[in-house]
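K.L.:
Give me coordinates for this.
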Amino acid sequence: MSELKEGDLAPDFTIPSSEGESISLRDFKGKKSVVLYFYPKDSTPGCTIEACDFRDLKKEFAKQGAEILGVSFDNLKSHEKFKTNHKLSFPLLADEDKSLAKQYGVYKKKSLYGRSYMGIERTTFVINQDQKVAKIFPKVKVLGHAKEVLRTLKESTT
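P.N.:
Next up, the predicted model:
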């Protein structure tokens, strides 16, 4: 699939979640916005910081009418442990077959210590009530990212 752009219709999905049932994007139709953030791996330093920042700002996101969903390739057992250990208060989606990452164009070639591999490029999508991509944050730097997303939501309502 080609890269998504702001203004595009967000691809719908139905995927297992840490909430014990599958979640679909259409479940949020009519919600002001969905913050769909893709991260590489549960319980790693950067991913933990990012998840905890979203957790700590969840009430502020709720005031803006935003739902938060985290996505990685980890399985539900890993997600449950991650949620419990860090008291995460939003669903984590288990994209074990990488289909959601591929739909959203974030399954990309990466390199680490001179080794190339395929993985998630840390990216956040803000999806509006019409299920269109309102904002894309590519190649996310973890520190301050949740605040940046929240600031963007606040600015879009003023």
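K.L.:
make it CA atoms for all contacts and neighbour counts henceforth
P.N.:
OK.
K.L.:
low-confidence ranges in this structure?
P.N.:
The model of the chain has pLDDT under 70 over residues 1-2, 157-158.
K.L.:
Show me the helices in it, by range?
P.N.:
Ranges of helices within the chain are 45-56, 58-63, 76-86, 99-103, 145-156, based on DSSP state H.
K.L.:
So which of those is nearest residue 70?
P.N.:
Smallest distance to residue 70 across the helices of the chain (C-alpha to C-alpha): 7.8 Å, for helix 45-56.
K.L.:
relative orientation of the closest one and helix 145-156 in degrees?
P.N.:
Calculated by axes from the mean of the first three to the mean of the last three C-alpha atoms, to 10 degrees, helix 45-56 forms an angle of 40 degrees with helix 145-156.
K.L.:
quick one: the residue nearest to residue 61 when sequence neighbours are not counted from residue 109, how far?
P.N.:
Distances taken as C-alpha to C-alpha, 6 or more residues apart in numbering put residue 150 closest to residue 61, at 6.4 Å, once the chain neighbours are dropped. Using C-alpha to C-alpha, to the nearest Å, residue 150 is found at 29 Å from residue 109.
K.L.:
Including distance to residue 7 and mean neighbour count, could the helices of the chain go into TSV?
P.N.:
Formatted as TSV, the helices of the chain follow (distance: least, C-alpha to C-alpha, whole Å; neighbours: other C-alpha atoms under 10 Å):
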stretch	distance to residue 7	mean neighbour count
helix 45-56	24	19
helix 58-63	21	16
helix 76-86	31	17
helix 99-103	16	18
helix 145-156	14	16
